[in-house]
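Colleague: Provided below for reference: sequence and predicted model.
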Number of protein chains: 2
Amino acid sequence: MKNQGADILKGSSLSVTSSRKAILDIFLGSDNALAHQDIENIAKQYDRVTIYRTLQTFLEKGIIHSIPTTDNIIKYALCSDMCITTGHHHDNHVHFLCDDCGKTVCLDEVSIPNVNLPKGFVKKEINMVVNGICNSCQK
Amino acid sequence: MKNQGADILKGSSLSVTSSRKAILDIFLGSDNALAHQDIENIAKQYDRVTIYRTLQTFLEKGIIHSIPTTDNIIKYALCSDMCITTGHHHDNHVHFLCDDCGKTVCLDEVSIPNVNLPKGFVKKEINMVVNGICNSCQK
DNA sequence: AGTATTTTGCAACAAAGTTGCAAATCCAAT
DNA sequence: ATTGGATTTGCAACTTTGTTGCAAAATACT
């Protein structure tokens, strides 16, 4: 557990740098998806540009995935272990955006149902984002 | 049909101005969803700020809806007649984003399937965006 | 440890979005 | 149709977000 971040980086054949470890640790320690801005606020010691490039790299390597949300802020979350180890994305889960606290979470246990598209449309990827009130804000 | 734009504006108790009519006409004449930038390119005679404000107003009045897409560009499309007349949103259709031509279209005939959320989560709105190849780019 | 490669931070820039305010436009009531 | 009040527009200035090139620093390889 000690060097989980470094292990993930090595596993994706990325060089292990302090900024990458720090950003990865932020994701590992967060229970919700994070926007670029969130990372910037927490990892103040690193340059804006470095954070942009790191997130980009993580996306390409499949370490994180991006979530298109209705509040027009791209959020990122760690991919499940399976994603990282196989290199294939199985982001087949629903995302939830709380209208109250604004947090975006992966509902890993809720998989996206299938849909039938009209003739001529070929499906490659599906994103499903549900807005509402999350379990913490609920009362 | 002549003053469809003006009628929609009056129906939403908005004053009828040339920019609003022009932007509404662009939507009425388009078969796919449009980004702010698209509008700006077509309606060159109007100020950027006016377009931002007009889109904002249309959103608030429920004349258009926004579609969160994976390409990180918010796109807007007209709401169905039912949306506008009832004032309630029934954007219960799937959106399709073509990876080839980049167009985003409403699949009005494909409704979003239901999902069961974990205990404590209350669903208010669902967005479903499918990426792939559209019927025009296929072949 | 020494060298080649990769990554970082800085500066400068480009694009996207916001705000305040005066001038122009629209609407409603004479 | 004209006038007066409210709304909308365009401009300017600004903030935020994202990008690019390059030299210095850190990392990896042997």
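Modeller: Here it is on my side, so go on. Residues are numbered from 1 along each chain as shown, chains lettered A, B, ... in the order given.
Colleague: Please report phi then psi for residue A:33.
Modeller: Backbone torsions for residue A:33, taken as degrees, to the nearest 10, come to phi -70, psi 150.
Colleague: Oops, could you answer that again for residue A:49 instead?
Modeller: Torsion angles, degrees, to the nearest 10, at residue A:49: phi -60, psi -40.
Colleague: again with residue A:25
Modeller: phi -60, psi -40.
Colleague: element containing the residue nearest to it when sequence neighbours are not counted, please.
Modeller: Sequence neighbours aside, residue A:5 is the residue nearest to residue A:25 in space, at 5.2 Å (criterion: Cβ to Cβ, 6 or more residues apart in numbering or on different chains). To be clear about C-beta, it is placed using only N, CA and C from the backbone, and glycine gets the same treatment. Assigned by DSSP states H and E, residue A:5 belongs to helix A:4-11.
Colleague: Quick one: list the elements packing against that helix.
Modeller: If you count contacts as 3 or more Cβ pairs under 8 Å, 6 or more residues apart in numbering or on different chains; DSSP states H and E, helix A:4-11 packs onto helix A:18-28, helix A:81-86.
Colleague: what's the angle between that helix and helix A:18-28?
Modeller: 120 degrees (axes from the mean of the first three to the mean of the last three Cα atoms, to 10 degrees).
Colleague: Now do the buried residues in helix A:4-11.
Modeller: A:5-6, A:8-9 (16 or more other Cβ atoms under 10 Å in any protein chain shown).
Colleague: out of these, who's nearest chain B?
Modeller: In terms of Cβ to the nearest Cβ, no member of those lies closer to chain B than residue A:8, at 23.6 Å.
Colleague: Count the neighbours of residue A:16 for me.
Modeller: The number of residues packed near residue A:16 is 14, by other Cβ atoms under 10 Å in any protein chain shown.
Colleague: weakest of the helices and strands packed on helix A:4-11 in terms of mean pLDDT?
Modeller: Across the helices and strands packed on helix A:4-11, helix A:81-86 has the smallest mean pLDDT, namely a mean of 58.
Colleague: isn't residue A:58 right next to residue A:76, touching?
Modeller: Yes. Residue A:58 lies in contact with residue A:76 (Cβ atoms under 8 Å); the separation is 7.5 Å.
Colleague: Now for the residue nearest to residue A:25: which residues touch it?
Modeller: Contacts of residue A:5 were listed using Cβ atoms under 8 Å, 6 or more residues apart in numbering or on different chains, and they are A:20-21, A:24-25, A:28.
Colleague: Just give me the closest of those to residue A:43.
Modeller: The closest of the contacts of residue A:5 to residue A:43 turns out to be residue A:25 (Cβ to Cβ; 9.2 Å).
Colleague: Count residues in the vicinity of that closest one, would you?
Modeller: 15.
Colleague: and what of residue A:98?
Modeller: Neighbours of residue A:98 (other Cβ under 10 Å): 22.
Colleague: Hmm, residue A:130 and it touching each other?
Modeller: No. Using Cβ under 8 Å as the test, residue A:98 is too far from residue A:130 to be in contact (9.8 Å).
Colleague: one step back: roughly how far does the residue nearest to residue A:25 sit from residue A:60?
Modeller: Noted for residue A:5: a distance of 17 Å to residue A:60, by Cβ to Cβ, to the nearest Å.
Colleague: Residue A:17 now?
Modeller: On the measure of Cβ to Cβ, residue A:17 and residue A:60 end up 16 Å apart.
Colleague: Please apply the same query to residue A:134.
Modeller: Counting by Cβ to Cβ, the gap from residue A:134 to residue A:60 is 30 Å.
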